[in-house]
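Asks: coordinates for the following, if possible.
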Amino acid sequence: MCISSKQVDRDSATAYRMVSEGIGVLLAILIQGKLIERVRTAGHCSHTNSTAPPHSLAEQKWSYTLGSVIVIIIYVVCIIAVFFGVKEKIVLKKDRAYSSYFKGIKTALTYGPFVKASMVFLFCSLAMAIVQGNIALYCTHTLKLVHFSNFIMLALVTSVISMPVWQCLLIRFGKKKIYATGMIIFIPVALSQFLLPENASYAYYIVVCIAGLSISVSLLLPWSILPDVLDLYLVERQERKDAIFYSFYVFFNKLATGLGLGISQVVLELGGYVTGACAQPESVSFTLRLLMTCPAVFMLGGLLILWTYPIDERKRREIQLEVQNRDPPLTSDDVLLTTEDTYDDAQETKFDDK
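Replies: Okay, here's the model as predicted:
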């Protein structure tokens with residue numbers, strides 16, 4: 001589905017989309033986090049060698065279930081709204097060229113600008129996934145701060161509020177510079193996790209507020225630079241492969257999430273973490289400090305790859321000019337095909353190629 005041939009429209013749509021995603025995550029934290037926080041026993045035990053009692057674990061299980069049901073209901077409502085509220089109408093003729101799946105994979109994984117953008121996204125997402133997966137444990141067992149959901153909410157609120165500001169800045173200074181700025185901000189934030197003392201709630205509020213600025217960039221910029229890569233591919237190869245590029249972009253994001261969970265699980269197990277225990281060994285506190293600090297390394301790796309990313313602001317303007325000269329703005333006469341027509345024509349193209 002093509003939203004617009006104008007880059008400014010697509011960037012605006014990306015900004016609205018990511019603000020909505022941030023608000024959605026914030027609602028999830030408000031619902032799920034508050035339900036779970038009130039029944040968690042970690043940090044409230046009188047004996048360090050005790051474990052959570054069965055009735056407490058049952059309450060925690062019920063709170064997870066209730067929160068999940070509420071989130072699922074919201075999710076279904078959103079699906080229904082999109083299904084009945086969005087109509088796919090415009091499909092450009094140049095998007096209809098048929099190619100095999102494996103040829104598409106080769107195209108995506110051998111196109112340099114896309115690979116670099118994807119690797120930056122992978123490293124950035126991996127850093128955020130590790131922090132997201134361990135912040136509750138870090139607050140509870142390292143900083144001895146029980147109400148961890150307040151810090152998560154502050155980070156998300158900061159990211160949502162700052163997103164329009166970043167959008168204005170990227171228009172003024174360019175996407176590559178703003179992307180790098182957000183990643184640089186995250187590095188000292190991650191390193192500070194190793195040095196924060198216990199019960200330093202006020203200091204940690206400041207840290208997560210600054211982290212929210214970087215989270216905002218990690219949500220907005222990866223999806224904002226991808227259309228530039230697609231336009232560059234169109235200019236260089238005279239064809240569009242949007243679907244396969246977007247598919248692999250999402251794959252790298254999900255891969256980062258899985259790797260983050262896997263790395264956290266292995267490191268915590270090596271550090272002596274005991275699931276369900278009211279108190280953890282001292283080694284767990286140190287392990288969590290390492291886990292919350294190591295994302296700085298991934299972010300630095302992503303920053304180095306971003307330095308080699310070829311599309312700066314000058315190059316982006318050149319690409320946009322070439323795309324505009326190649327494709328005049330869409331009008332009502334350019335509504336060529338409906339989704340069904342596109343599918344039929346694609347099948348015809350497939351058989352003709354054979």
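
Asks: wait, Leu109 sits on Phe248?
Replies: Yes. Leu109 is within contact range of Phe248, at 7.3 Å (criterion: Cβ atoms under 8 Å). C-betas here are computed from N, CA, C, even on glycine.

Asks: neighbour-wise, which of the two wins?
Replies: Remark: of Leu109 and Phe248, Phe248 carries more neighbours, 19 against 12, as counted by other Cβ atoms under 10 Å.

Asks: show me what contacts that one?
Replies: 105, 108-109, 114, 118 (Cβ atoms under 8 Å, 6 or more residues apart in numbering).

Asks: any quick ChimeraX command for the buried ones out of these?
Replies: With 16 or more other Cβ atoms under 10 Å as the burial test, the buried ones among these are selected in ChimeraX as follows:
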select :108,114,118
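
Asks: just the contacts of Phe248: which are in strands?
Replies: Using DSSP state E, no member of those falls within strands.

Asks: closest to Asp312 out of the contacts of Phe248?
Replies: Using Cβ to Cβ, Phe114 comes nearest to Asp312 of those, at 16.3 Å.

Asks: what's the pLDDT at Lys94?
Replies: pLDDT, Lys94: 48.

Asks: do the same with Ile210
Replies: As predicted, Ile210 sits at a pLDDT of 93.

Asks: same check, this time on Pro54
Replies: Per the predicted model, pLDDT is 59 at Pro54.

Asks: same check, this time on Ile263
Replies: Predicted confidence (pLDDT) for Ile263: 92.

Asks: is it in contact with Val131, as I believe?
Replies: No. With contact defined as Cβ under 8 Å, Ile263 does not reach Val131; the gap is 11.7 Å.

Asks: the two: who's more crowded?
Replies: Val131 (26 against 18).

Asks: list the residues that contact that one.
Replies: When contacts are counted by Cβ under 8 Å, 6+ apart, Val131 touches 190, 211, 292, 295.

Asks: nearest residue to the second one in space, please, no chain neighbours.
Replies: Which is Ala211. Val189 (4.7 Å; Cβ to Cβ, 6 or more residues apart in numbering).

Asks: as a markdown table, the contacts of Val131 with neighbour count and distance to Gly182 would be great.
Replies: Compiled in a markdown table, these are given as follows (neighbours: other Cβ atoms under 10 Å; distance: Cβ to Cβ, whole Å):
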| residue | neighbour count | distance to Gly182 |
| --- | --- | --- |
| Ala190 | 23 | 13 |
| Ala211 | 25 | 11 |
| Met292 | 24 | 18 |
| Pro295 | 26 | 13 |
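
Asks: mind giving me the packing neighbours of the helix or strand hosting Ile152?
Replies: Assigned by DSSP states H and E, Ile152 belongs to helix 148-173. Other elements packing on helix 148-173 under the criterion 3 or more Cβ pairs under 8 Å, 6 or more residues apart in numbering; DSSP states H and E are helix 7-28, helix 34-37, helix 112-137, helix 175-192, helix 201-237.

Asks: 7 Å instead?
Replies: For helix 148-173, the packing partners by 3 or more Cβ pairs under 7 Å, 6 or more residues apart in numbering; DSSP states H and E come out as helix 7-28, helix 112-137, helix 175-192, helix 201-237.

Asks: and Glu282, what's its pLDDT?
Replies: At Glu282, pLDDT is 83.

Asks: mind listing the strands for the stretch 251-354 of the chain?
Replies: In the stretch 251-354 of the chain, no strands are found when defined by DSSP state E, counting those that start in this stretch.

Asks: pLDDT score for the residue most central in space within the chain?
Replies: By Cα atoms, centre = their mean, the chain has its centre lying nearest to Leu219, at 5.0 Å. Leu219 carries a pLDDT score of 87 in this model.

Asks: who's in contact with it?
Replies: Residues in contact with Leu219 (Cβ atoms under 7 Å, 6 or more residues apart in numbering) are 18, 21-22, 159.

Asks: now pLDDT too, for these, in a markdown table please.
Replies: Output for these, formatted as a markdown table (pLDDT from 0 to 100):
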| residue | pLDDT |
| --- | --- |
| Met18 | 78 |
| Glu21 | 79 |
| Gly22 | 77 |
| Ser159 | 89 |
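
Asks: of these, select the buried ones using a PyMOL command.
Replies: Per 16+ other Cβ under 10 Å, the buried members of the contacts of Leu219 correspond to this PyMOL selection:
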select buried, resi 18+22+159
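
Asks: farthest pair in the contacts of Leu219?
Replies: Maximum pairwise distance among the contacts of Leu219 (Cβ to Cβ): 10.0 Å, between Glu21 and Ser159.

Asks: low-confidence ranges in the stretch 1-150 of the chain?
Replies: Counting by pLDDT under 70, the stretch 1-150 of the chain contains low-confidence ranges at 1-7, 33-34, 36-57, 88-99.

Asks: circling back to that earlier point, quick check: the residue nearest to Ala211 touching Val207?
Replies: Yes. With contact defined as Cβ atoms under 7 Å, Val189 reaches Val207; the gap is 6.0 Å.
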